[in-house]
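Engineer: here is a sequence together with a model predicted from it:
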There are 2 protein chains.
Amino acid sequence: MLKRIISGVVLAPLVLSLFWWGPDWGIESLLAVVVALAVWEFTDITQRISGSSQQRAWSRGLAVAVSLGAFWGWVRCPVEHHLLIFLTGFFVVAFAHTFLGKDHRESAHEVGWSMFAALYIAGTLACVGMIVHGSQPKGTERALCMAILWTVWLGDTGAYFVGKAIGKHKLAPRLSPKKTIEGSIGGLLGAVLGIVFARTAFDLPGTWTWMLVFALASGVLEQAGDLFESMLKRAANVKDSGKLIPGHGGILDRLDGIFFAAPLFVVYPLTYL
Amino acid sequence: MLKRIISGVVLAPLVLSLFWWGPDWGIESLLAVVVALAVWEFTDITQRISGSSQQRAWSRGLAVAVSLGAFWGWVRCPVEHHLLIFLTGFFVVAFAHTFLGKDHRESAHEVGWSMFAALYIAGTLACVGMIVHGSQPKGTERALCMAILWTVWLGDTGAYFVGKAIGKHKLAPRLSPKKTIEGSIGGLLGAVLGIVFARTAFDLPGTWTWMLVFALASGVLEQAGDLFESMLKRAANVKDSGKLIPGHGGILDRLDGIFFAAPLFVVYPLTYL
């Protein structure tokens, strides 16, 4: 618990500063590093799920490379090529496993998981990259980043502490036995608090109604994303996705909420344009 | 063999006529039907690969529904939403399996395979839909469709007959023992013949050099796509993907080349614009 708080207190301000004051390339580089680490962790989980053994290392490396390529392409290339970028990555992975794979069943699984990793991790974080890189109206890019980070983090924090304090009724015992309905409501309140803060401190434009709708929707997505990752970990029979961040488990454990909540904010500007 | 020729002689002219004279909505409807049938076949194969048993029917139905939704979205919605469309489909599938799945391992596999189906089948055929729907310079849309169909079909035919006549050296015995290097070269020649025909009969614009490059590249992709599907079938331990088309096996067996070759033609107009 202490470790968890210390890690949070050290990391959060660094990340927030970068997303508010840092240069575009700095944010994109951080996102790219996160994509690489998260895909590496994710493919460890998925290889456990399908029992890969012979193609472990190179398949994971290839998944990381293709995810990074797709991430870069999605953030930097014209939108009309987005689908082609994904298909190119798919062809590369499919052919590598078709011609180099030792075991057909394993190859088929690895191709599927690699593309899944690219969508789940690189695709969602590319949405953040696209917001930063200015697919949004000038001047609101960074405010949107703050909205994402604060809603997700305060959502997480709200769920954690409210659940700890008054949590009684189980939310989804089969997936994550410690989560409670009270904690879940605390998470939604935290998400609302987060977007209110983003509006106040960073001049996020938009009406109050839309903001609340987005905060609640992103809170729901974030918690569902958390449960989705719990399911994956249960399928793989692991407790944490990794041990990269002291007290927080792996990088996936920390980001499972962002993956699902971030894409929502790409359409946020449509509500006030 | 006789069945195979009769099916071909009946179906090919119908499809070609639709793609040359038919209305946009007719072509899109045919593609949508093909997406639905192909995803249905594909999910049977993938469920065999990962040994799904409890979530068979509804998971396949959901994969078809999400693939159709993604196909429609990719063809009809503005390109800046292409990635979001895919992510929306992913969230729907992920949450359905997270909350309704009975077996975590099976759920994880099913989510992966569903998104893979959407990319492999709906994503590639959406490229054809995008060409038809006019992301291309006015007047060349249908000529590009003819180029795709003729290169792939003459490529298939060339490989089949040349391989049958003079095939000796095995191409990829582990994946598809009947394929030969001679047949593969015959396939490339067939693809070249196909694009030459598309240029002559349908006024496909572009220089000869680019046309040959595209014909050869699409021939290679088509044959690699064929081998990729062979690998999937071997992993699942089935011979044909289905038995929809008399003499040709399933719809996947017939289209595995188109899936990989078609996306290439989306960028073809860049070579003469």
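Structural biologist: Perfect, thanks for sending it.

Engineer: helix or strand for A:Ala147, which one?
Structural biologist: helix A:141-166 (DSSP states H and E).

Engineer: what's that helix packed up against?
Structural biologist: Counting contacts by 3 or more CB pairs under 8 Å, 6 or more residues apart in numbering or on different chains; DSSP states H and E, helix A:141-166 is packed against helix A:2-21, helix A:124-132, helix A:181-202, helix A:208-236, helix A:251-261. For glycine as for every other residue, the C-beta is placed from the backbone atoms N, C-alpha and C.

Engineer: ok, residues contacting the shortest one?
Structural biologist: I take that to be helix A:124-132. Helix A:124-132 has contacts (CB atoms under 8 Å, 6 or more residues apart in numbering or on different chains) with A:19, A:24, A:27-28, A:31, A:34-35, A:70-71, A:74-75, A:141-142, A:144-145, A:148, A:258-260, A:262-263, A:265-266, B:83-84, B:87.

Engineer: filter those residues to the buried ones?
Structural biologist: When the contacts of helix A:124-132 are checked for burial by 16 or more other CB atoms under 10 Å in any protein chain shown, the buried set is A:19, A:27-28, A:31, A:34-35, A:70-71, A:74-75, A:141-142, A:144-145, A:148, A:258-260, A:262-263, A:265-266, B:83-84, B:87.

Engineer: any buried residues in the helix holding A:Ala147, and which?
Structural biologist: For helix A:141-166, by 16+ other CB under 10 Å, it's A:141-160, A:162-163.

Engineer: please apply the same query to stretch A:178-188.
Structural biologist: Those would be A:Lys179, A:Thr180, A:Glu182, A:Gly183, A:Ser184, A:Ile185, A:Gly186, A:Gly187, A:Leu188, for stretch A:178-188 by 16+ other CB under 10 Å.

Engineer: not counting its neighbours along the chain, what's nearest the first one?
Structural biologist: Leaving aside its sequence neighbours, A:Lys179 sits nearest to A:Leu171 (CB to CB, 6 or more residues apart in numbering or on different chains; 4.3 Å).

Engineer: the one you found contacts A:Ile185, doesn't it?
Structural biologist: No: between A:Leu171 and A:Ile185 there is no contact under CB atoms under 8 Å: 9.8 Å.

Engineer: output the contacting helices and strands for the least confident helix or strand in chain A by mean pLDDT.
Structural biologist: The helix or strand of chain A with the poorest confidence is helix A:2-21; it has a mean of 83 (mean pLDDT, DSSP states H and E). Helices and strands touching helix A:2-21, by 3+ CB pairs under 8 Å, 6+ apart, are helix A:24-50, helix A:141-166.

Engineer: got the residues of the stretch 151-273 of chain A near chain B?
Structural biologist: A:172, A:175, A:221, A:224-225, A:227-228, A:231-232, A:234-236, A:260, A:263, A:266-267 (CB under 8 Å from any CB of the partner chain).

Engineer: are any of those residues buried, and if so which?
Structural biologist: Counted by 16+ other CB under 10 Å, those give A:172, A:175, A:221, A:224-225, A:227-228, A:231-232, A:234-236, A:260, A:263, A:266 as buried.

Engineer: and which of these is nearest to B:Ser107?
Structural biologist: A:Met231 (5.9 Å; CB to CB).

Engineer: gap between A:Phe197 and chain B?
Structural biologist: 26 Å (CB to the nearest CB, to the nearest Å).

Engineer: my guess is that residue contacts A:Trp153. True?
Structural biologist: No: A:Phe197 is not in contact with A:Trp153 according to CB under 8 Å; the separation is 10.3 Å.

Engineer: show me the contacts for the closest residue to chain B within the stretch 151-273 of chain A.
Structural biologist: Taking CB to the nearest CB, chain B has its nearest neighbour within the stretch 151-273 of chain A at A:Ala235, 4.0 Å off. By CB under 8 Å, 6+ apart, A:Ala235 lies in contact with A:Ile49, B:His104, B:Arg105, B:Ser107, B:Ala108.

Engineer: appreciated, that's everything.
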